[in-house]
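**Student:** Take this sequence and fold it.
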Amino acid sequence: MTAGNNGADTPENDDPFAHLYRSEGGEGGAGAGAARQPGVPRTSYNQVRTVGQRQYGTQQTAQPYGRQNPHYAAPETLPGGGAGDRARPAPPAPEPRKGRNGLLIGAVAVVAVVCIGIGAAMLTNSNGDQGDTAQKPGPSPADTVKPSDKPAHKPTPGALPKDDAGALRLDGGAVTAKDVPGARTASGSYVAGMNTPGASATWTLDVDAPGQYKLWVGYGVPGKDANLTLNVNGQALSRPISLKNFAHAPEGAWDKGWTRSWSYVQLNKGTNTIKLSCENGNQCEVNLDQVWLARS
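**Tutor:** Next comes the predicted model:
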């Protein structure tokens, strides 16, 4: 080896990995036992090739990417290859959604309610038809039928009479007047002059049934009590009708003393007469504006 030749080749032509693919008996090159040419770099036995091209002793054609190798065999075609697939458990079935279950249950409930309602309606109609067509059994000969003591209906009582005192028959100095305001009549008139002995006002009226009634009298007093004799159908009652100062009017205030009072009277069916009069022992300083009946 000379100074200008330190080896078979220059460092740039030397392949440091050539010993990895050197064949037995010599260095790698074009073939086994072939001598290297000076100035030619050593090359490996396996050169970089296009993807899909392989050469292991024999030339193979390139296989396009994605195309199945003709030598490939599916596992199930091999002996015992499908056993693993058959032993593999099937995937579990998806659980039904809760929302659909709720809708299904609701629909079933609605149908059940409708069916129950239809059945109840049919049963009611059948019972009603049977009740209409069936004849109710009458009393047997052994039964005794008692007549009812109660009337079928109670008659509505008619309105009771009411009149202004000016419509009454006046005697003994009793007259109508309008001087004192506050009388409860349509015209504002009232009966005055009752403080004269023998003065009277007589009311003629009709009732539908005999019995006891309340006789109401509207009157006015000058802040003090009064009373009059009461005569019913020509018979004087033992007690006078009390005409007190229920309005609590001050003495002499006729316009403040308008009030009312009542007394029981026994009347006959049909026409009756009621007379209010000033007799001995009565306090007759009073004016009259109305009279009416009420049931006791």
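
**Student:** okay, CA-based contacts and neighbour counts for the rest of this
**Tutor:** OK.

**Student:** Show me the shaky parts of this protein.
**Tutor:** Filtered on pLDDT under 70, the chain yields the residue ranges 1-102, 124-158.

**Student:** Mind jotting down where the helices sit in it?
**Tutor:** Taking DSSP state H to define them, one finds helices in the chain at 83-87, 98-133.

**Student:** Now do the same contact list for the nearest residue to Tyr264 once chain neighbours are set aside.
**Tutor:** Excluding the flanking residues, the one nearest Tyr264 by Cα to Cα, 6 or more residues apart in numbering is Lys214, at 4.7 Å. With Cα atoms under 8 Å, 6 or more residues apart in numbering as the criterion, the residues that contact Lys214 are 262-265, 293-296.

**Student:** Closest one of those to Ala249?
**Tutor:** Sorting these by how near they are to Ala249, with Cα to Cα, puts Trp262 at the top with 19.2 Å.

**Student:** So what pairs up with the closest one in the strands?
**Tutor:** According to DSSP bridges, Trp216 are recorded as the beta-bridge partners of Trp262.

**Student:** What of Asp164?
**Tutor:** Asp164 forms beta bridges with Gln290, as assigned by DSSP bridges.

**Student:** so how many other residues sit close to it?
**Tutor:** Taking other Cα atoms under 10 Å as the neighbour definition, Asp164 ends up with a count of 21.

**Student:** Next one: it from Val180, what distance?
**Tutor:** Distance from Asp164 to Val180, counting by Cα to Cα, to the nearest Å: 16 Å.

**Student:** likewise Asp255?
**Tutor:** Applying Cα to Cα, one obtains 6 Å for the distance of Asp255 from Val180.

**Student:** for Ser263, same thing?
**Tutor:** Using Cα to Cα, Ser263 is found at 25 Å from Val180.

**Student:** likewise Leu288?
**Tutor:** 11 Å.

**Student:** So if I had to pick from these two, which one is more boxed in?
**Tutor:** Between Leu288 and Val180, counted using other Cα under 10 Å, Leu288 has the larger neighbour count: 27 against 16.

**Student:** contacting residues for that one?
**Tutor:** Leu288 makes contacts with 165, 190-192, 217-220, as judged by Cα under 8 Å, 6+ apart.

**Student:** can you give me the strands in the chain?
**Tutor:** Counting by DSSP state E, residue ranges of the strands within the chain are 162-164, 169-171, 175-177, 190-192, 200-207, 211-220, 226-232, 235-236, 241-243, 258-267, 270-277, 287-295.

**Student:** Gly119: which of the ones you listed is closest?
**Tutor:** In terms of Cα to Cα, the element of the strands of the chain nearest to Gly119 is strand 287-295, at 57.3 Å.

**Student:** so the closest one versus strand 270-277, what angle?
**Tutor:** On the basis of axes from the mean of the first three to the mean of the last three Cα atoms, to 10 degrees, strand 287-295 is oriented at 150 degrees to strand 270-277.

**Student:** now the contacts of Lys214 as TSV including distance to Ala186?
**Tutor:** Conversion of the contacts of Lys214 to TSV gives the following (distance: Cα to Cα, whole Å):
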residue	distance to Ala186
Trp262	21
Ser263	24
Tyr264	26
Val265	26
Leu293	18
Ala294	21
Arg295	24
Ser296	27
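
**Student:** Return a PyMOL selection command for the buried portion of the residues you listed.
**Tutor:** Selecting only the buried entries of the contacts of Lys214 in PyMOL, with 16 or more other Cα atoms under 10 Å as the criterion:
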select buried, resi 262+265+293
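
**Student:** Let me know the closest of the contacts of Lys214 to Ala120.
**Tutor:** Nearest to Ala120 among these is Arg295, at 53.7 Å by Cα to Cα.

**Student:** so what's that closest one closest to, chain neighbours aside?
**Tutor:** Closest residue to Arg295 in three dimensions, ignoring its sequence neighbours and counting by Cα to Cα, 6+ apart: Tyr213, at 5.0 Å.

**Student:** if I pick the one you found, what's in contact with it?
**Tutor:** Applying Cα under 8 Å, 6+ apart, we find Tyr213 in contact with 264-267, 293-296.

**Student:** try Asn268
**Tutor:** With contact set as Cα under 8 Å, 6+ apart, Asn268 has these partners: 207, 209-211.

**Student:** Can you tell me which of these are buried?
**Tutor:** In those, burial by neighbour count holds for Val207, counting by 16+ other Cα under 10 Å.

**Student:** With distance to Leu243 added, can I get the contacts of Asn268 in CSV?
**Tutor:** As requested, the contacts of Asn268 are arranged in CSV below (distance: Cα to Cα, whole Å):
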residue, distance to Leu243
Val207, 25
Ala209, 28
Pro210, 26
Gly211, 24
